[in-house]
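J.: sequence below, structure please.
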Amino acid sequence: MLKMYLEFILCLCLCDTFCLQSGSDQGPLYSLYNDLLEHYKPYIRPRKNPNETVEVVVSYTMTSVEALEETTQTVDSSGFLTLQWTDELMTWNSNEYGGVNYINIHVEKLWIPDLSLTNGFGGLSLILPIGEKARVWSNGSVTWFRDMNKHTKCSLDMRHFPFDTQTCSINLIQWVTDIRQVNMTAGLVEIEPSMFKRNGEWEITGKSKDTFIHTYSEYMVQTEIVFTFVFKRKYLYYIITNILPVMLLSVLNLGVFLLPPESGEKVSLCISIVLSYAVFLSVIGGSLPEVSDTVSIFSIYLLAMMFVKVATTLLTVLVLNTYHGDSEEQCSPPEPNNQYDDTLSNRLERRILKKGNKELAKRLNKIGFVVIFSLTVSVSIVCFVLLFTQ
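T.: Below you'll find the predicted structure:
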């Protein structure tokens, strides 16, 4: 019996020895992960002294701008955040682990700063890990690259459309911790040339970063980081599709006064031009925000030119009414005793009156051309000076 008991103890010892040898045979990297994560708690700030502050540097790199929607005043952009901090609980001596200077660890297993996107289209959203890995160095330095494909709000100023420049931002703020526990600072804001995808409508002309301190109470002081980008619209498409057709319609509108009154097409041409302007008003209005904070100068220009076209139509009607006025209403009826002489006299008088009406109509036509031409040139110059003056 004693012999069997000794054999059992020997087997247990052999098993323990085998297990220890098999564990140590996994290599220094396996041992390093075990030693670092065995007692690590990701929900505890990585400081041995609880009164010390964790310094976090937040950088942002933009890789593309998918769309900037005027009607909803939102921006679809892609990029990534770079968060860097020092974790005092994730340090080791590289000489004791085969010269390993850094390792990659799933972010879910590490302590991470609590950041929230404040100007997201769906409201506040926490910046949480979604399967990424962070790089941890032997001195405790941690670097986390977080993907940022976001739909953010942006208040647009459409006064100078289509020669406008818009300023949009990505706003990040602490969620629970305050500045005494975690101090956020803005790092770099940049555009990676090798990864950036150009947008066909917008180009980025400027970028900046800002840090704001918000004091909500004595025990709640938080940091807000704002990465700002300046977008300039590429206006060539709008010049071809909007501005040039409107200017050509303005020139065509002047052609109404060059059309002879006897042709009978002056009013038809006026109505066609007015309808064309109405179509442009609806097309351009569909691409502008449905708000009254700012009104596009180009929309006001189109509306002013619409009034000019209406004035052109009224002047044309006046010219035609004068040209085709009935002179018989202005002549006295013939008397029976000298009917023949009175008939000749009436005819002659009607001819004189008709000739006078035609001359008056031609003068009104010339005056209308000068007035409409002056209004068209003046309104156009004022509009485009305001558009290009920002």
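
J.: look at the nearest residue to Ile130 once chain neighbours are set aside and give its secondary structure.
T.: Using CB to CB, 6 or more residues apart in numbering and skipping the chain neighbours, the partner closest in space to Ile130 is Asp147 (7.1 Å). C-beta: built from backbone N, CA, C; applies to glycine. With DSSP: H, G, I helix; E, B strand; the rest coil as the basis, Asp147 sits in strand.

J.: what's the answer for Glu52, then?
T.: When classified by three-state DSSP, Glu52 comes out as coil.

J.: quick one, phi/psi of it?
T.: The phi/psi pair for Glu52 (degrees, to the nearest 10) reads phi -80, psi 150.

J.: what domains does the record give for the chain?
T.: 28-234, 237-388 (automatic domain parsing).

J.: distance of His151 relative to Asp76?
T.: Noted for His151: a distance of 6 Å to Asp76, by CB to CB, to the nearest Å.

J.: now swap in Pro113 and tell me
T.: Distance of Pro113 to Asp76, given as CB to CB: 25 Å.

J.: please identify which of those two sits among more neighbours.
T.: Pro113 (20 against 16; other CB atoms under 10 Å).

J.: and that one, what is it in contact with?
T.: Listed by CB atoms under 8 Å, 6 or more residues apart in numbering, the contact partners of Pro113 are 54, 56, 58, 83, 85, 174, 177, 182, 184.

J.: for Cys168, state which of those residues is nearest.
T.: Val58 (17.9 Å; CB to CB).

J.: centre-most residue in this protein?
T.: Central residue of the chain (CA atoms, centre = their mean): Leu68, 3.2 Å from the mean position.

J.: quick check on it: phi, psi?
T.: Torsion angles, degrees, to the nearest 10, at Leu68: phi -130, psi 100.

J.: which SSE is the residue nearest to it when sequence neighbours are not counted in?
T.: Leaving aside its chain neighbours, Leu68 sits nearest to Val75 (5.1 Å; criterion: CB to CB, 6+ apart). For Val75, the enclosing helix or strand under DSSP states H and E is strand 74-86.

J.: quickly run through the sheet partners of the helix or strand following that strand, with directions.
T.: Following strand 74-86 in sequence order, the next helix or strand is strand 102-106 (DSSP H and E). Counting by DSSP bridges, the strands paired with strand 102-106 are strand 133-137 (antiparallel).

J.: tell me how far the strand it pairs with lies from the chain's centre.
T.: On the basis of CA atoms, centre = their mean, to the nearest Å, strand 133-137 is displaced by 34 Å from the centre of the chain it belongs to.

J.: how about stretch 138-155?
T.: The chain centre lies 21 Å from the centre of stretch 138-155; the measure is CA atoms, centre = their mean.

J.: list the buried residues in that stretch.
T.: The neighbour-count check on stretch 138-155 (16 or more other CB atoms under 10 Å) flags 138, 142, 144-146, 148, 150, 152-154 as buried.

J.: ditto for stretch 383-390
T.: 383-384, 387.

J.: what of stretch 213-227?
T.: Quick answer for stretch 213-227 (16+ other CB under 10 Å): 222-227.

J.: farthest pair within those?
T.: Among those, the pair separated by the greatest distance (CB to CB) is Gln222 and Phe227, at 17.0 Å.

J.: before we move on, back to that, for the domains of the chain, give me a markdown table that also has mean pLDDT.
T.: What follows is the domains of the chain, written out as a markdown table (pLDDT from 0 to 100):
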| stretch | mean pLDDT |
| --- | --- |
| domain 28-234 | 91 |
| domain 237-388 | 78 |
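
J.: tell me which stretches of the stretch 201-350 of the chain form helices.
T.: In the stretch 201-350 of the chain, the helices defined using DSSP state H, counting those that start in this stretch lie at 236-238, 244-254, 266-285, 297-323, 339-388.

J.: mind putting those helices into TSV with distance to Pro193?
T.: Below are these laid out as TSV (distance: least, CB to CB, whole Å):
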stretch	distance to Pro193
helix 236-238	23
helix 244-254	34
helix 266-285	35
helix 297-323	34
helix 339-388	30
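
J.: coming back round to it: can you pull the contacts of the residue nearest to Ile130?
T.: Listed by CB under 8 Å, 6+ apart, the contact partners of Asp147 are 80, 130, 132.

J.: drop anything exposed from those.
T.: Phe80.

J.: OK, contacts around the closest residue to Leu269 other than its chain neighbours?
T.: Leaving aside its sequence neighbours, Leu269 sits nearest to Val256 (CB to CB, 6+ apart; 5.4 Å). Residues counted as contacts of Val256 (CB under 8 Å, 6+ apart) are 266, 269-270, 273, 312, 316.

J.: ok, Ser59 next?
T.: Taking CB under 8 Å, 6+ apart as the test, what Ser59 contacts is 81-84, 186-190.
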